[in-house]
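Peer 1: Quick one, what's the 3D model for this:
(one chain, ligands or ions: 1)
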Amino acid sequence: MSTAPNPGAACIMVLGTGGTIAGTGASAASPLDYRAGVLPVTQLLSSIPSMASLPVRAEQLAQIDSKDMSAAVWRSLATRCAELLTQPQVRGIVVTHGTDTVEETAFLLHQLLAADKPVVLTCAMRPATDLGSDGPQNLADAIAVANTPGAAGVLLVCSGRIHDAVHASKVHHYRLDAFDSGDAGPVGFVEDGRVRLVRPWRSAGAGGCRLPALLEVAQWPWVEILTSHACATGTAVHLLCAAGVAGIVVAGTGNGSLHAELEAALLHAQALGIRVVRSSRCGAGRVLPGTADRLPASPLNAVKARIALQLELLAAGDDRLGGS
Ligand code: ASP
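Peer 2: Sure thing, here's the model as predicted:
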């Protein structure tokens, strides 16, 4: 669907992938009883007044509950965004997405794309049919951000706040304001359709060149996430090693500390050549590396550290991917 009569005219592209923002439920009063990824993105756009000074065009890229995000959807989304970013008439891109994995998709796109224009992901905590549906406002805000002169990089807009792809994470399972950027804070706010920045746009630097080679790799490396906790053991690590895992991210306690039994198994895995990276299961802050560390630490949360490790392993296997 296109609301722009002239395909060569400047526009904002909206790519639909599903999520609660496109979800429908049996009743307007039961916000948890619904199916995600039902309504087409054209219908989401028809629920908001046209407020952008540029025409908005829409494409349906996927129609999923983002808890089921796959490498196949990621590939087609990254490929389409990369194509659109090269088109001079595209001012910016908006991606409608489920909240569950939107921080992962945003981080992946940030790693892959040379986003000198805005790539704005948005979502909703209530389905489109709900009494308190937040999708239309979030979508309107995302379009306003994509239409803002100077905006760049991969961003996430939800509940009036603009987060960058590196720091955004889902911190609440129910509240409309479900995302936070931790110590970094949001990039800015959308207020009455206008953007108020509190720190500079973060543009993607390293991305772009990696993408074509990455998409040729049929199977991305298998990287799992484990958590350290009371009474943890090394059993899952041994099973993963036997099954051929390529990398393990472990969400440690506090500053990435690990139960001794789990740590022993992870050191064994590392000695076998499996890449092990420590993150923290704390919702905020970053693991500070220490001189006595026997397992490397990542400043990212576990789900983003998993993607970073996948890309690192891919790069190590293919020097066209630009890995170190
Ligand atoms: N499970 C939904 C999804 O991620 C949740 C949401 O969008 O809020 O697609």
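
Peer 1: what does the stretch 51-200 of the chain put close to the ligand?
Peer 2: 65-67, 98-100, 123, 125 (Cβ under 6 Å from any ligand atom). Backbone N, C-alpha and C define where each C-beta goes, glycine included.

Peer 1: So which of those residues wins on neighbours?
Peer 2: residue 123 (31 neighbours; other Cβ atoms under 10 Å).

Peer 1: Does the spatially closest residue to that residue that is not a sequence neighbour lie in a helix or a strand, and which?
Peer 2: Using Cβ to Cβ, 6 or more residues apart in numbering and skipping residues adjacent in sequence, the residue nearest residue 123 is residue 99, 4.4 Å away. Secondary-structure assignment from DSSP states H and E places residue 99 in no helical or strand segment.

Peer 1: Save the residues of the stretch 51-200 of the chain next to the ligand as TSV, and put in distance to residue 290 and pLDDT too.
Peer 2: Putting these into TSV (distance: Cβ to Cβ, whole Å; pLDDT from 0 to 100) gives the following:
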residue	distance to residue 290	pLDDT
65	40	98
66	35	98
67	35	98
98	37	98
99	34	98
100	33	98
123	37	98
125	38	97
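
Peer 1: ranges for the strands of the stretch 1-150 of the chain?
Peer 2: Using DSSP state E, counting those that start in this stretch, the strands of the stretch 1-150 of the chain run over residues 11-18, 24-25, 34-35, 56-64, 90-96, 118-122.

Peer 1: and the fifth one, which strands flank it?
Peer 2: Spelled out, it's strand 90-96. Applying DSSP bridges, strand 90-96 is found paired with strand 11-18 (parallel), strand 118-122 (parallel).

Peer 1: Save those as TSV, and put in distance to residue 134, mean pLDDT and mean neighbour count too.
Peer 2: Below are those laid out as TSV (distance: least, Cβ to Cβ, whole Å; pLDDT from 0 to 100; neighbours: other Cβ atoms under 10 Å):
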stretch	distance to residue 134	mean pLDDT	mean neighbour count
strand 11-18	16	98	26
strand 118-122	10	98	28
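
Peer 1: Just put the ones you listed in TSV and tack on distance to residue 275.
Peer 2: Below are the strands paired with strand 90-96 laid out as TSV (distance: least, Cβ to Cβ, whole Å):
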stretch	distance to residue 275
strand 11-18	29
strand 118-122	28
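
Peer 1: Would you mind putting the strands of the stretch 1-150 of the chain into TSV with distance to residue 256 alongside?
Peer 2: Below are the strands of the stretch 1-150 of the chain laid out as TSV (distance: least, Cβ to Cβ, whole Å):
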stretch	distance to residue 256
strand 11-18	32
strand 24-25	40
strand 34-35	37
strand 56-64	32
strand 90-96	31
strand 118-122	28
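
Peer 1: Tell me the one among the residues of the stretch 51-200 of the chain next to the ligand nearest to the ligand.
Peer 2: Comparing these against the ligand with Cβ to the nearest ligand atom places residue 98 closest, at 1.9 Å.

Peer 1: For the ligand, what's the nearest residue on the stretch 151-300 of the chain?
Peer 2: residue 178 (7.7 Å).

Peer 1: buried ones in stretch 297-311?
Peer 2: 297-298, 300-311 (16 or more other Cβ atoms under 10 Å).

Peer 1: Share the number of residues neighbouring the closest residue to residue 29 other than its chain neighbours, please.
Peer 2: Using Cβ to Cβ, 6+ apart and skipping residues adjacent in sequence, the residue nearest residue 29 is residue 131, 5.9 Å away. Each residue near residue 131 was counted by other Cβ under 10 Å, and the total is 10.

Peer 1: Alright, I will stop here.
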